[in-house]
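Chemist: Pasting a predicted model and its sequence here:
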Amino acid sequence: MKKRLNAVILISTVIANSVLLPQALASFNGKLSVRVDGIKSQKGQICLNVFANSKGFPDNGKLAVLSQCVKVTETSQTVTFPNLKAGNYAVTVIHDTVGNGALKRNPLGIPTGGFGFSNNPAIRFGPPKFGDSTVFVAGVNTNIQIKLQYLLGG
């Protein structure tokens, strides 16, 4: 009788875990906190875009899953994105000194304003690929740091 009871408990536990655990994990959302460092002036705003895949990355903020602009008040600021499903994301940030939500560029297309990407990849001949900038978000809080770059002095 005791063996049969143990078997029933074991089977019930396996069934409950196989049904309830995936649902619990699927609904578990995390928070991404992005510290932006190296802001050269307190003029304007910093604008961040969070991408869940390579579509639109890094220039088309309309295809980002989340976007946010905040007024610059310090040379280092933190912006938080709550309720992100567990997964890989890439973050872009620009220092928008004129308030139009766009990265300032010279006539050749070279950025004259500050910009940055999650993982702070080296910038050589154009923007990084999505995979070079992805961070895994899971758990209660994922913290990352992005250092702004100003190619032409900003």
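Modeler: Great, that's in hand. Numbers count the residues shown, from 1 in each chain.

Chemist: Strands of the chain, residue ranges please.
Modeler: 29-37, 45-51, 66-71, 77-85, 87-96, 115-117, 134-137, 141-147 (DSSP state E).

Chemist: so which of the ones you listed comes closest to K104?
Modeler: Evaluated over the strands of the chain, closeness to K104 peaks at strand 87-96, with 7.8 Å, by CB to CB. The C-beta positions use only the backbone N, C-alpha and C, and glycine is treated the same way.

Chemist: Next, work out how far apart I146 and I94 are.
Modeler: Distance, I146 to I94, using CB to CB, to the nearest Å: 11 Å.

Chemist: likewise P121?
Modeler: Between P121 and I94 the computed distance is 16 Å (CB to CB).

Chemist: Between those two, which has more neighbouring residues?
Modeler: Higher neighbour count among P121 and I94: I94, with 25 against 15, using other CB atoms under 10 Å.

Chemist: Against P127, how distant is the nearest residue to the more buried one once chain neighbours are set aside?
Modeler: Spatial nearest neighbour of I94, chain neighbours left out: L103 (4.5 Å); criterion: CB to CB, 6 or more residues apart in numbering. Distance, L103 to P127, by CB to CB: 10 Å.

Chemist: next one: G38
Modeler: With distances taken as CB to CB, G38 is found 18 Å from P127.

Chemist: ok, now which ones touch the closest residue to G99 other than its chain neighbours?
Modeler: Distance criterion CB to CB, 6+ apart; nearest residue to G99, sequence neighbours excluded, is G44 at 5.9 Å. Residues in contact with G44 (CB atoms under 8 Å, 6 or more residues apart in numbering) are 71-72, 95-99.

Chemist: make it 10 Å
Modeler: By CB atoms under 10 Å, 6 or more residues apart in numbering, G44 lies in contact with 69, 71-72, 94-100, 104, 113-114.

Chemist: And K55, by the same measure?
Modeler: 63-64, 130.

Chemist: which of those are buried?
Modeler: In the contacts of K55, burial by neighbour count holds for 64, 130, counting by 16 or more other CB atoms under 10 Å.

Chemist: related to what we said a few turns ago, return every residue with contacts to both of I146 and I94.
Modeler: Residues touching both I146 and I94 comprise 36, 46, 48, 115-116, with contact defined as CB under 10 Å, 6+ apart.
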